[in-house]
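[1] based on what follows, work out the 3D shape:
(one chain, ligands or ions: 1)
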Amino acid sequence: MSIKALVAHGSTNGSTAQIAERIGEVLREHGLDTEVRPAAQVGDVAPYDVVVIGGAVYAGRWHRDARRFARRNADQLSRKAVWLFSSGPLDASAAQRSIPPVAGARRAMAHLDAVEHRTFGGCLREGAKGRIARSLITSGRGGDFRDFDSVTAWAERIATQSLGARAEPERGDLRT
Ligand SMILES: Cc1cc2nc3c(=O)[nH]c(=O)nc-3n(C[C@H](O)[C@H](O)[C@H](O)COP(=O)(O)O)c2cc1C
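    Numbers count the residues shown, from 1 in each chain. Below you'll find the model as predicted:
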């Protein structure tokens, strides 16, 4: 039976959703039966073996939809393989060093006993919602800092570890 994966995202302007889509593509390429959905639209997580939760960072906070999704499904998710990511920095910092999770993502890490958290660069482009977003763009502080090669490499790790975990025998199957 194939491994079922969910990539759930909290994204206001769509760039985190595109990172989630790329992760989904890679998981599918490795044979995982994968759905990519806005976190706010996911009902039941019971069908999934592996869950990736991604959220944009706004004003130092992990996206509300990602936080709510993690909280709402905490019971079930704490028994699954959960991987978290954030997208935010509008500079090259995420490509240069490991950026720790903001508080909401850190709490989700702890509650869900997540495998790992990763911060990717963010993206802010013409058409983004909100006055602050528009003024950041006008003052030249927008741009696309997403590194899809590192997104792909991270997704490949998720796929490899998920397939490896499936290959391991259940405890009860071990013979001494
Ligand atoms: C008003 C505003 C506040 C932001 N605050 C942060 C922040 O605190 N930390 C950060 O790393 N990125 C911050 N960003 C950058 C966003 O996280 C980045 O644009 C992200 O890619 C947006 O994702 P989305 O397109 O999925 O909504 C901010 C962007 C805006 C417009």
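[2] C-alpha from now on. contacts and neighbour counts both.
    Fine.
[3] show me what contacts the residue nearest to the spatial centre of the chain?
    Most central in the chain under CA atoms, centre = their mean is G54, positioned 2.7 Å from the mean C-alpha point. By CA atoms under 8 Å, 6 or more residues apart in numbering, the contact list for G54 reads 7-10, 16, 20, 66, 84-87.
[4] low pLDDT regions in this protein?
    169-176 (pLDDT under 70).
[5] can you give me the helices in it?
    For the chain, the helices defined by DSSP state H cover 15-29, 64-72, 74-77, 93-96, 103-112, 131-138, 148-167.
[6] narrow the contacts of G54 to those in strands?
    Judged by DSSP state E, the subset of the contacts of G54 located in strands is 7-10, 84-87.
[7] which one of the residues you listed is nearest the ligand?
    S87 (5.3 Å; CA to the nearest ligand atom).
[8] is the closest one bridged to anything, and to what?
    With beta bridges defined as DSSP bridges, S87 has these partners: A56, F120.
[9] apart from its chain neighbours, what residue comes closest to A20?
    Counting by CA to CA, 6 or more residues apart in numbering, V7 is the residue found nearest to A20 once chain neighbours are left out, at 6.1 Å.
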